[in-house]
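# My questions are about this predicted structure, shown below with the sequence.
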Amino acid sequence: MFRPIFCLIVGMVSAILITITGSRLAAGDSPYELQPIADGLTFPTAIVQPPQENDRLFIADLAGTIWIWKQGSLQPTPFLDLSKSISPSANGAGLHNLVFHPDYQQNGFFYVVYTLPDRDEILVRYQVRKDNPDIADPDSAFIVMKIQHLTEFHYGGQLAFGPDGDLYWSMGDGAYKKSPAQNWHSYLGSILRLDVDHGEPYSIPAGNATIVDPTAKPEIWAKGLRNPWRFSFDSLTGDLYVPDVGEASVEEINVLPANSNGGTNFGWSLFEGTTPFKGTDKTGLTFPVVIYGHDDGNCSIIGGYVYRGSALSALAGKYIFGDYCSGWLWSTYQKTPNRWYTAQLMLTNQHITTFGQDNAGEIYVGAVGRAYKLVAAN
C-alpha cells in the first residue's frame, strides 16, 4: 500500500506546509538498486569525474586518500595520499572534498579541502604529474585559503565550480552554542565564492554578499547554514541545490535559481526549516523548498544531484538525495510552480555519506565502506 511519507515545504520566502502524495515502498518494490563499484573504503566524501573524461572516477575518502576507479576496480596506488597531514575523526574531521578545475585537461589543477590537526579547514590546489595522469604531484600543493575552526563538528566541506567558473566552498557553523551562521563577519555557516583564475591565491568575484552587507567577509556568497555537507549545481540549468543538516527535528533542501545574486540568507539559526528556532523575524530570509522530519530513523540529509543521465529516464530532471541514518534515497522536483513532489526511490540499508555524478549525468552513491552506482533493478 502507498502512504504519505513526510512533509513538504513549498515556496521560497513564505512557505506553506502540506503533505505530499508520495508513497512508501514495500520491500523489493524499488525499480532501482545500488551496483557496487568499489570496496575497502572507510567514509567516501567525493565521487568525481574530471572534465572531458569517461573512463575514470576519483573517490576521496575521509581518511585522507584519493583513489582512482577505472576498468572496474580501484587502482592499487592512490592518486593522492594526505593521510599523514590530517587527523580524521568520527565527528567529521578529515578529507572533505575534491573538485577538478574546468580546464583540468589543460592545466592539471584540482582542489581539495581537509582538516588540519589543529582543526582548521584548509583549501589546497594540487596539480597532476605531467608524466603520469594517475598520480598527483604532492609537491605542487598551493594553499588557497585556511579558515579557523575550533571544534570537531559541522565542517561543511563541499567544493564545486559554478556555471560562472568560480569556486564555491561550503562551511558549517562549527556547532557552537551561539551559532555564527548569522554573523556576516564569520566564514562559518556560509558558502564562499572565489575566483581562483585571477589573483594569487584568488580574487573576489563581483556579486558576493557585500552587495547586501558591505561589511561582510568579501569571500562570503551566502549565509545562514548549519552544516551544508553537500550542495550541487544542476548541470543543465545551473540552479543551485543546498541541503542543510538540521538540529532537532527537520532536514531541509534549499534551491536558488541560476545566476542568483550573492547575499542569500537561508535562516539558520533563527529558523530550523520553517520553524522558529532562535528568532521569529522572516525579513530577508530564504526558506527551504523541501523539509523532512526525523521519524523513520532519519537524522542527517546527504545532498546529491539533479539527474541528467540517460539510463534512468524516469528520474530525468529530479534531484536525488538521501539520509545518512535511515539509508533512504528520495527524488524531488518542482511539479508545478512552487509545488515540489518528493518520492521514495529505495531503502539502501547503508549509511550514505556522499553522492557523485559522472559526465554522462549518471549518479553514484558513497556509503560507509563502499561506493555504488545507481542503476535500474534487474
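Cool, the structure landed.
# residues touching the nearest residue to D164 once chain neighbours are set aside, list them.
Nearest residue to D164, sequence neighbours excluded (C-beta to C-beta, 6 or more residues apart in numbering): P205, at 7.2 Å. Every C-beta, even on glycine, is put in place using the N, C-alpha and C of the backbone. Taking C-beta atoms under 8 Å, 6 or more residues apart in numbering, we find P205 in contact with 164, 166, 193-195.
# residue ranges of the strands in the stretch 51-200 of the chain, please?
Ranges of strands within the stretch 51-200 of the chain are 56-61, 65-70, 73-74, 80-81, 95-100, 109-115, 121-128, 136-147, 159-161, 167-171, 190-194, based on DSSP state E, counting those that start in this stretch.
# By mean pLDDT, flag the weakest helix or strand of the chain.
strand 16-19 (a mean of 32; mean pLDDT, DSSP states H and E).
# just checking, next helix/strand downstream of that one?
Toward the C-terminus, strand 16-19 is succeeded by strand 32-38 as the next helix or strand (DSSP states H and E).
# just the angle between that following strand and strand 65-70, please?
110 degrees (axes from the mean of the first three to the mean of the last three C-alpha atoms, to 10 degrees).
# Past strand 32-38, which element shows up next along the chain?
Following strand 32-38 in sequence, per DSSP H and E, is strand 44-48.
# Spell out which strands sit alongside that next one in the sheet and which way each one runs.
The strands that strand 44-48 pairs with in its sheet are strand 56-61 (antiparallel), strand 352-357 (parallel) (by DSSP bridges).
# Rebuild those as a markdown table, extending it with distance to D281, mean pLDDT and mean neighbour count.
Output for the strands paired with strand 44-48, formatted as a markdown table (distance: least, C-beta to C-beta, whole Å; pLDDT from 0 to 100; neighbours: other C-beta atoms under 10 Å):
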| stretch | distance to D281 | mean pLDDT | mean neighbour count |
| --- | --- | --- | --- |
| strand 56-61 | 39 | 98 | 24 |
| strand 352-357 | 34 | 98 | 25 |
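# between those strands, which one is nearest to T42?
Nearest of the strands paired with strand 44-48 to T42, taken as C-beta to C-beta: strand 56-61 at 5.5 Å.
# where are the low-confidence patches of the stretch 251-378 of the chain?
Applying pLDDT under 70 to the stretch 251-378 of the chain flags no residue at all.
# any idea where the strands of it begin and end?
Using DSSP E, counting those that start in this stretch, strands in the stretch 251-378 of the chain cover 264-265, 271-272, 275-276, 290-293, 301-306, 319-323, 328-336, 339-347, 352-357, 363-367, 370-376.
# Mind telling me the two of the contacts of P205 farthest from one another?
D164 and L194 (11.3 Å).
# okay, the two: which has more neighbours?
L194 (23 against 16; other C-beta atoms under 10 Å).
# Next, format the strands paired with strand 44-48 as a markdown table and append distance to Q49.
Converted to a markdown table, these look like this (distance: least, C-beta to C-beta, whole Å):
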| stretch | distance to Q49 |
| --- | --- |
| strand 56-61 | 6 |
| strand 352-357 | 8 |
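# Out of those strands, which gets nearest to V113?
Among the strands paired with strand 44-48, strand 56-61 sits nearest to V113 (C-beta to C-beta), with 9.8 Å.
# can you give me how far that closest one is from the chain middle?
The chain centre lies 15 Å from the centre of strand 56-61; the measure is C-alpha atoms, centre = their mean, to the nearest Å.
# Please apply the same query to stretch 267-280.
Taking mean C-alpha positions (C-alpha atoms, centre = their mean), stretch 267-280 and its chain are 22 Å apart.
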